[in-house]
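Peer 1: sharing a model prediction with you, sequence too.
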Amino acid sequence: MDGTSRSVTGDNSGTGGNVLDPSAPQLVVNSRTLFFSWLPADPDAVAAMVPPGLRPRPDRQVFMNQYVVDDASQTSGFGAYTLTYVGVSLVGVDAPGGESPGGWWTHYVTSSERVREYAVARGAPAVHGRTTIGSESGVLVAETAIDGVPVIRARCQVGEAGRMVSSGHHRYFTAHRGRLLNAVYPYVAEPVTPFVVESVEFLEPAHPIYALRPENPLTIGFGFYAPRASFAYPGGLTEHVGEPEPVGVGAGHQVPARRAASGLPSGS
C-alpha cells in the first residue's frame, strides 16, 4: 500500500532534539487522521482504567485516534511524527458545546522522543512506538506498534474528501503528580465520504492495551478518516477536582474544574 510505505520526512523518532516547554501551545496542520470509537469486549476492565474523580460512560465507550504527520513543516515545533492515543469516554465533563464527551487517555504511543517528552510532562502516558496509515483501492489500514510489536490494526472503507468540514473541540484528561489535569483541544478536519470501519484488531493479548479490544460483533460509536486534520495542543492546563470514588464505579457528582493555569499547575 502506497501510504503505508511512505516515509515521514524529518521524523525525529528516537532523538530528543530541542526540548519543548510543556506549557507552550503547539499546532499541527493537515495530518492524516483516523479517529473513531467502539464498545469494548470487557467493560469492567475498561472501567477499572478510569481513576477516581472521573466516571466512564455507562456503555464504557473506548476511543482511538491514529494519525501521521508527514513533514516537519506541518507543526509549530514537534517536527514530523506519528501518534496513536486510546482512551475511555467520560460523563459529566464534555468538551465545549457538549457534542464530544471528555476522555481519559489510557495509552499514548508516539514515534517522536520530542513529542513523548512534551506529553509526559503534561501527564500523558506516552511511550515509544509507531503508527502507519496506508490506503489502496478505497481500503485504508492503520497499524500501531509499540517497541516494534504490532498491537492494533484498523481496517476501513474510505472515499474522498469533499467540501465537508468538521470542527469543534475535544477535552482530554491526564494525571500528573497526583493531580487530574485536563485541557481543551480545538480541531478542524476534512472527513472522507463514505467511511466504514470494517475491523479493529488488538494483536497482542499479553499487552495491557488488549483490555480495550472491541466486542464481537463490532459496535462503532462515532468516527471519521480525514487526509487533512488540524488541531492544537493548548498552552494551559486546568486542574480537575472530582469527588473521590472507587475505581470504575459510575456514581457520584462531578465537581467542575476550579483552577486554571497559564502553563502547568504549580509544582508540576
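Peer 2: Thanks, I have it. Source: prediction; values computed, not measured.
Peer 1: centre-most residue in the protein?
Peer 2: residue 85 (3.3 Å; Cα atoms, centre = their mean).
Peer 1: residues contacting the nearest residue to that one once chain neighbours are set aside?
Peer 2: Leaving aside its sequence neighbours, residue 85 sits nearest to residue 108 (Cβ to Cβ, 6 or more residues apart in numbering; 4.7 Å). Where C-beta positions appear, they are placed from N, C-alpha and C, glycine not excepted. Residues near residue 108 by Cβ atoms under 8 Å, 6 or more residues apart in numbering: 83-86, 119, 124-127.
Peer 1: could you redo the last one with a cut-off of 6 Å?
Peer 2: Residues near residue 108 by Cβ atoms under 6 Å, 6 or more residues apart in numbering: 85, 119, 124-126.
Peer 1: so the residue nearest to the centre of the chain is in which element?
Peer 2: strand 81-89 (DSSP states H and E).
Peer 1: got the contact list for that strand?
Peer 2: Strand 81-89 has contacts (Cβ under 6 Å, 6+ apart) with 46, 49-50, 56-57, 61, 63-69, 101, 103-112, 115, 130-131, 144, 212.
Peer 1: please apply the same query to stretch 170-182.
Peer 2: Under Cβ under 6 Å, 6+ apart, the answer for stretch 170-182 is 53, 95, 100, 102-105, 123-124, 184-185, 237-240, 268.
Peer 1: which one of those sits closest to residue 26?
Peer 2: Minimum separation from residue 26 among these (Cβ to Cβ) is found for residue 185, which lies at 10.4 Å.
Peer 1: residues in contact with the closest one?
Peer 2: Residue 185 is in contact with 170, 231, counting by Cβ under 6 Å, 6+ apart.
Peer 1: repeat that for residue 103.
Peer 2: 63, 87, 89, 172.
Peer 1: tell me the bridge partners for it.
Peer 2: For residue 103, the beta-bridge partners are residue 89, residue 172 (DSSP bridges).
Peer 1: now it: how far from residue 50?
Peer 2: Per Cβ to Cβ, to the nearest Å, residue 103 is found 10 Å from residue 50.
Peer 1: same check, this time on residue 129
Peer 2: Residue 129 is 23 Å from residue 50, by Cβ to Cβ.
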